[in-house]
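Colleague: sequence-free structure coming up:
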């Protein structure tokens, strides 16, 4: 029995030794992959030099340690004695046990060992390929798709070329102007998915001047860093889309401090042009106790978009100044019903709207999106790969029911959406309204095999038609009974 007991103990010791060896290897790998961050100022070891390590895996830089000693020597100990706290109550073991992984920074490898996964010029898709893939998802907007395809192609050629000679290629930042619901955000989302690059979409309405409640301008880069998995090299080749850029225009006729207008435009200048900025890792809060890292925005593509309401009036006023008197003169109401008046925009119009010249100058590519017509809305309903009608057809197909829309129904839906003046966003709300009863009734009856949506049903003058499995088409009787 004693021999068996000793054998078991020997086995346990072997397991413990093997586990300790595994844990030691893991800790060694973590030390190799990550660098220490100061517990007080959150700066990494690569910036402040060698850290002072105290128990419980806490690292403090020499600057913070010296400041702590100076504070204690000047007024710290008397204050503690006055409060009745004995000096031996200062125990570092009460602090956190270890630094969370979200607050660790990966070490930067030496330049000679670093393998940069940059774009190869041969692997960059040409503009016609990019536009062809955008055509599968976005209806119309031919000019916008052509401009963005060429701009993105040139931008990533610039990134791949890096610095082959003395000729430095400037960035191709873009300003996208278009009415609401014309597909500005969807265009950028589709583009980033096709190129497989990190994308950060942020809203300019939340940005404020430094020191005020709201997001600092650096938060847009912090979101891109998070989208890239905190990989700085990957984030430095990403795309940032700042939506609602028209909301940071200079405020007119106001006596209050403009903390979200011209000051935000001034703060964005250094980001658009390209500079090294420090951003928090793993958090967007201004005062979060998280490590800081440096991101270079030189190769980050910025795309700004906005609806620019009331810009049409500025354009009309400029164009009407050119009208004259006579039989061949242009009438002042000539441009009142022009749906694509935004295509006549100039830099002077944007300056009058409230955008400062320095900001506009860093967005060299300015283009507009067309307002959606009735024909375009019908195409949006059925042609894209993930069209709204295809989504509902897939939902009903899971119930083994076919869903069809006749041409009259599509025209009625597009006509209703056009009246709402919110672009393609109105289509989903309209379809949800009349599909509610159908989605509710279909699971009740397993004999339903096909549903046909008609114009009369969209206009609330009739009911949809159904085909029961193995029989001739019939009227949707459950809904007739319900409405009566």
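Modeller: Okay, I see it. Fair warning: this is a prediction, and the values are worked out from it, not measured in the lab.

Colleague: now stretch 431-448: how far from the chain's centre is it?
Modeller: The chain centre lies 35 Å from the centre of stretch 431-448; the measure is C-alpha atoms, centre = their mean, to the nearest Å.

Colleague: do the same with stretch 150-164
Modeller: The chain centroid and the centroid of stretch 150-164 are separated by 22 Å, computed with C-alpha atoms, centre = their mean.

Colleague: mean confidence score for that stretch?
Modeller: For stretch 150-164, the mean pLDDT works out to 78.

Colleague: Name the residues of it that are buried.
Modeller: Buried residues in stretch 150-164, counted by 16 or more other C-beta atoms under 10 Å: 150-156, 158-160. Bear in mind the C-beta positions are built from the backbone N, C-alpha and C, glycine included.

Colleague: Kindly report the same for stretch 372-379.
Modeller: Under the neighbour-count criterion of 16+ other C-beta under 10 Å, stretch 372-379 has 372, 376-379 buried.

Colleague: do the same with stretch 385-392
Modeller: For stretch 385-392, by 16+ other C-beta under 10 Å, it's 387-389, 392.

Colleague: Let me know the closest of these to residue 68.
Modeller: Among these, residue 388 lies closest to residue 68 (C-beta to C-beta), at 61.0 Å.

Colleague: That closest one: what's it in contact with?
Modeller: Residues near residue 388 by C-beta atoms under 8 Å, 6 or more residues apart in numbering: 380-381, 427-428, 431.

Colleague: Only the buried subset of those, as a PyMOL command please.
Modeller: In PyMOL, a selection of the buried entries from the contacts of residue 388 looks like this (16+ other C-beta under 10 Å):
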select buried, resi 380+381+427+431
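
Colleague: what's the burial count for residue 66?
Modeller: Residues near residue 66, counting by other C-beta atoms under 10 Å, number 12.

Colleague: which SS class is the most centrally placed residue in the chain?
Modeller: The centroid of the chain falls nearest to residue 201 when counting by C-alpha atoms, centre = their mean (1.8 Å). Look at residue 201: counting by DSSP: H, G, I helix; E, B strand; the rest coil, its state is strand.

Colleague: pLDDT value on residue 353, please?
Modeller: Per-residue confidence (pLDDT) for residue 353: 89.

Colleague: burial of it, as a residue count?
Modeller: There are 20 residues near residue 353, going by other C-beta under 10 Å.

Colleague: residues in contact with the residue nearest to the centre of the chain?
Modeller: With contact set as C-beta under 8 Å, 6+ apart, residue 201 has these partners: 185, 188-189, 241, 243.

Colleague: where does residue 176 fall, helix, sheet strand or coil?
Modeller: The three-state label given to residue 176 by three-state DSSP is strand.

Colleague: show me where the stretch 151-300 of the chain has helices.
Modeller: For the stretch 151-300 of the chain, helices defined by DSSP state H, counting those that start in this stretch occupy the ranges 184-195, 219-227, 232-235, 262-273.

Colleague: looking at these, which is closest to residue 435?
Modeller: Short answer: helix 184-195, nearest of those by C-beta to C-beta, at 21.7 Å.

Colleague: Could you list every helix and strand in contact with the closest one?
Modeller: Applying 3 or more C-beta pairs under 8 Å, 6 or more residues apart in numbering; DSSP states H and E, one finds that helix 184-195 contacts helix 127-135, helix 142-161, strand 199-203, strand 239-243, strand 301-306.

Colleague: Tell me the one of the buried residues of stretch 372-379 nearest residue 320?
Modeller: Looking across the buried residues of stretch 372-379 and measuring by C-beta to C-beta, the closest to residue 320 is residue 372, at 26.1 Å.

Colleague: host element of the nearest residue to the closest one once chain neighbours are set aside?
Modeller: Leaving aside its sequence neighbours, residue 372 sits nearest to residue 423 (C-beta to C-beta, 6 or more residues apart in numbering; 5.3 Å). Following DSSP states H and E, there is no helix or strand that holds residue 423.

Colleague: pLDDT of stretch 192-212, averaged?
Modeller: When pLDDT is averaged along stretch 192-212, the result is 82.

Colleague: and what of stretch 301-318?
Modeller: Averaged across stretch 301-318, the pLDDT comes to 87.

Colleague: quick one: low-confidence parts of the stretch 251-400 of the chain?
Modeller: Counting by pLDDT under 70, the stretch 251-400 of the chain contains low-confidence ranges at 253-256, 282-289, 322-339.

Colleague: would you list every one of the helices in the stretch 351-484 of the chain?
Modeller: 357-361, 374-382, 388-397, 407-420, 425-441, 455-458, 477-483.

Colleague: and of the ones you listed, who's closest to residue 236?
Modeller: The closest of the helices of the stretch 351-484 of the chain to residue 236 is helix 357-361. By C-beta to C-beta, the value is 22.2 Å.

Colleague: Would you indicate which residues of that closest one are buried?
Modeller: For helix 357-361, by 16+ other C-beta under 10 Å, it's 359-360.

Colleague: So which elements touch that helix?
Modeller: With contacts defined as 3+ C-beta pairs under 8 Å, 6+ apart, helix 357-361 has these neighbours: helix 262-273, helix 347-353.

Colleague: Show me the one of these that comes nearest residue 293.
Modeller: Nearest to residue 293 among the helices and strands packed on helix 357-361 is helix 262-273; the distance by C-beta to C-beta comes to 15.6 Å.

Colleague: Quick one: distance of the closest one to the chain centre.
Modeller: 18 Å.

Colleague: So what touches that helix?
Modeller: Against helix 262-273 from outside (C-beta under 8 Å, 6+ apart): 171, 173, 204, 207-210, 216-218, 220-221, 242, 248, 250-251, 277, 297, 300, 302, 354-356, 358-359, 362-363.

Colleague: Residue 444: which of the buried residues of stretch 150-164 is nearest?
Modeller: Using C-beta to C-beta, residue 152 comes nearest to residue 444 of those, at 49.7 Å.

Colleague: The residue nearest to residue 372 - how many residues pack around it?
Modeller: Counted by other C-beta under 10 Å, the residues lying close to residue 423 total 23.

Colleague: what's near enough to touch it?
Modeller: Residue 423 sits next to 179-183, 371-372, 417 when contact means C-beta under 8 Å, 6+ apart.

Colleague: Dump the residues you listed into CSV; add distance to residue 145 as well.
Modeller: Converted to CSV, these look like this (distance: C-beta to C-beta, whole Å):
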residue, distance to residue 145
179, 17
180, 19
181, 17
182, 12
183, 10
371, 16
372, 15
417, 22
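
Colleague: So how do I select the buried members of the residues you listed in ChimeraX?
Modeller: Only the buried entries of those go into this ChimeraX selection, using 16+ other C-beta under 10 Å:
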select :179,181,182,183,371,372,417
